[in-house]
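S.K.: Build me a model from this:
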Amino acid sequence: MTIALVLTLASLQPARTATPMFLLDSNVNEPTLLYRVDPASGLLTTIGTVSTGPVEMLGLAAVNQNLLYVATYDGSILAVSVEPFSVTDTGCTGPSAIVGLAFSNGVLYATEERTSTLSRIEVSPCKTTRIGTVSVPVDGGDIAQSGSGQWYLWTNSTGGLYRLNVTTAVATAVGATAQGTESGLAFDYQGGNALFASSAPLNAMVPVDPVTGTPGTAAPFVCPDCPTPFHHRLGDLASAPLSQTVPSSQTVATKTLLLKNPDGPTARKIQWSVKVGSPNGNLVNGDPRTNGAALKVQLDATSQCFEMPASGWSPITTIGLKYADPAGANGPVKMARIRKKTPGGVFKLKFIILGKNGAVNVVPPGTQADTNFFIRGGDQYCGSTVNGTIKRNDAKTLKATSPAPGVCNVTACP
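M.R.: As a prediction, the model looks like this:
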């Protein structure tokens, strides 16, 4: 069989479309409506009426592109099906005055503005856990999680963007404050992990730089199918990954998987290295310089996606590609490499992820670890500790080596 190194743009699958993004528009004693929104152009498409009133609804979260959750201001959690459109009261009640809502790992996270509290809500069976008081006053705004797992908070009390620790409720300012008044936050996961905000005063979508917190050029809302000219009142913004065709899979033997948690979040580290001896059928298939790449690490029921945007990748002559971000400008991934020198020759992967550069939530100990490196527009590369050797497994360190799994045990990042 002939093996070829595939690095050309011609080898790439078609570029992905933007992430489905939804806008909730509401006000007290007025109807609450749901729209699909194009974040770049501000184009709105009406989906349906969530409520005719009188309670305003300021929380919206997307489980996927067809299931959304809406939080009313009195705390009721509604389930919304996008197609066919329907609204169902889940019977679950969270805190009142919810203004920020997001879905992650099977639960809702909510911020409320009366006491500036961050809570975790399990919908079925219904259970609300108070995480703590957010370290900056919550006034409107929203919360959202990036593709790399980093959480963000916008609060209108300061008009600024913050990184949010959803374990401790500590918010850390990203940049300057007094940057505007926003009703919602959402990431375009398929569009380079770009961050957008919805603005009622501007009646527009606003790109926000997650590194500096600086808003960009606003795109005014346009609603061709609205009966009257649209003007955003209050509400929220949410996005969810697209359902994509599963990329081609390559399974790889793990030389070393190391998860460390020696002394708190900033000391955490993940390292995954792969070395598949010659001969083998593994290929470098895809070019992350076009659409970026992501690594998912899962330990038992806990998983996290680590983003590596296109701008951080560069070639290793003609044998592979490397990613470098030593200061953590784009998240916790410090470096990554994928390489294969000759057809059939040794195939290598390596990743180093540092807690000091961003949130690392996958920590030891655990029973089974799985990895999935996905080059967007290319292949996914899967490893697992199944049938491997666990050399150490305690509260501070998990270290393992293992053969290639039979199949991918964890899905690729969106």
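S.K.: What are the structural domain limits within the protein?
M.R.: Domain ranges of the chain: 21-239, 245-402, per automatic domain parsing.
S.K.: Quote the end-to-end distance of the longest one.
M.R.: By that I understand domain 21-239. Taking C-alpha to C-alpha, to the nearest Å, the first and last residues of domain 21-239 lie 4 Å apart.
S.K.: quick check: mean pLDDT across it?
M.R.: Confidence over domain 21-239, taken as the mean pLDDT, stands at 94.
S.K.: if we can go back for a sec, tabulate the domains of the chain in JSON lines, adding columns for distance to C408 and mean neighbour count.
M.R.: C-beta here means a position set from N, CA and C on the backbone, and glycine is covered the same way. Listed next are those as JSON lines, based on distance: least, C-beta to C-beta, whole Å; neighbours: other C-beta atoms under 10 Å:
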{"stretch": "domain 21-239", "distance to C408": "19", "mean neighbour count": "19"}
{"stretch": "domain 245-402", "distance to C408": "4", "mean neighbour count": "19"}
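S.K.: Compare the ones you listed and give me the one nearest C413.
M.R.: Of all the domains of the chain, domain 245-402 sits nearest to C413, with 3.7 Å by C-beta to C-beta.
S.K.: re earlier: make TSV from the domains of the chain and add distance to V410 to it.
M.R.: Putting the domains of the chain into TSV (distance: least, C-beta to C-beta, whole Å) gives the following:
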stretch	distance to V410
domain 21-239	13
domain 245-402	4
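S.K.: among these, which is nearest N409?
M.R.: domain 245-402 (4.3 Å).
S.K.: mind checking the SS state of T290?
M.R.: helix (DSSP: H, G, I helix; E, B strand; the rest coil).
S.K.: Per-residue pLDDT of it, please?
M.R.: Confidence score, pLDDT, at T290: 79.
S.K.: Report the separation between it and G383.
M.R.: Applying C-beta to C-beta, to the nearest Å, the value for T290 to G383 is 24 Å.
S.K.: got it, and S76?
M.R.: 43 Å.
S.K.: what about stretch 99-108, start to end distance?
M.R.: 13 Å.
S.K.: mind checking how far it is from the chain centre?
M.R.: 12 Å (C-alpha atoms, centre = their mean, to the nearest Å).
S.K.: Can you pull out the residues in contact with it?
M.R.: Here stretch 99-108 makes contact (C-beta atoms under 8 Å, 6 or more residues apart in numbering) with 58-63, 69-71, 77, 94, 109-113, 120-123, 138-145, 151, 153, 185, 236, 238, 302-303.
S.K.: Quick check: the residue nearest the centre of the chain vs P288, distance?
M.R.: With distances taken as C-alpha atoms, centre = their mean, G147 lies nearest the centre of the chain, 2.6 Å away. As for G147, its distance to P288 is 14 Å (criterion: C-beta to C-beta).
S.K.: quick revisit: would you check that the residue nearest to the centre of the chain makes contact with L195?
M.R.: No. Assessed by C-beta atoms under 8 Å, G147 is found out of contact with L195, at 10.4 Å.
S.K.: Now the common contact residues for these two.
M.R.: In contact with both G147 and L195: F187, using C-beta under 8 Å, 6+ apart.
S.K.: quick one: contacts for the closest residue in space to V82 that isn't next to it in sequence?
M.R.: Excluding the flanking residues, the one nearest V82 by C-beta to C-beta, 6 or more residues apart in numbering is N66, at 4.8 Å. Listed by C-beta under 8 Å, 6+ apart, the contact set of N66 reads 81-83.
S.K.: Restricted to strands, list these.
M.R.: Using DSSP state E, the subset of the contacts of N66 located in strands is S81.
S.K.: wait, which of the contacts of N66 is closest to R337?
M.R.: V82 (40.0 Å).
S.K.: now stretch 91-104: how far from the chain's centre is it?
M.R.: That offset, for stretch 91-104, works out to 19 Å (C-alpha atoms, centre = their mean).
S.K.: Between the two ends of it, how far is it?
M.R.: First-to-last residue span, stretch 91-104, C-alpha to C-alpha: 20 Å.
S.K.: got it, and stretch 298-306?
M.R.: Where stretch 298-306 begins and where it ends lie 11 Å apart, using C-alpha to C-alpha.
S.K.: tell me which element S198 falls in.
M.R.: strand 194-199 (DSSP states H and E).
S.K.: Pull up the pairing partners for that strand, direction included.
M.R.: strand 184-188 (antiparallel), strand 204-208 (antiparallel) (DSSP bridges).
S.K.: Identify whichever of these lies nearest to K399.
M.R.: Using C-beta to C-beta, the strands paired with strand 194-199 put strand 184-188 closest to K399, at 32.7 Å.
S.K.: ok so, going back, any chance of the strands paired with strand 194-199 in JSON lines, with distance to L161 too?
M.R.: Below are those laid out as JSON lines (distance: least, C-beta to C-beta, whole Å):
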{"stretch": "strand 184-188", "distance to L161": "8"}
{"stretch": "strand 204-208", "distance to L161": "6"}
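S.K.: For A267, find the nearest of the ones you listed.
M.R.: strand 184-188 (27.0 Å).
S.K.: what residues does the closest one touch?
M.R.: With contact meaning C-beta under 8 Å, 6+ apart, strand 184-188 is reached by 18-19, 21, 23-24, 39, 60, 100, 141-147, 152, 154, 193-198, 208, 235-239.
S.K.: show me where the stretch 151-300 of the chain has strands.
M.R.: 151-155, 160-164, 171-173, 184-188, 194-199, 204-208, 219-220, 234-239, 249-251, 254-260, 269-276, 293-299 (DSSP state E, counting those that start in this stretch).
S.K.: As CSV, those with distance to G344 would be great.
M.R.: Formatted as CSV, the strands of the stretch 151-300 of the chain follow (distance: least, C-beta to C-beta, whole Å):
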stretch, distance to G344
strand 151-155, 44
strand 160-164, 45
strand 171-173, 48
strand 184-188, 39
strand 194-199, 39
strand 204-208, 45
strand 219-220, 50
strand 234-239, 42
strand 249-251, 14
strand 254-260, 19
strand 269-276, 11
strand 293-299, 24
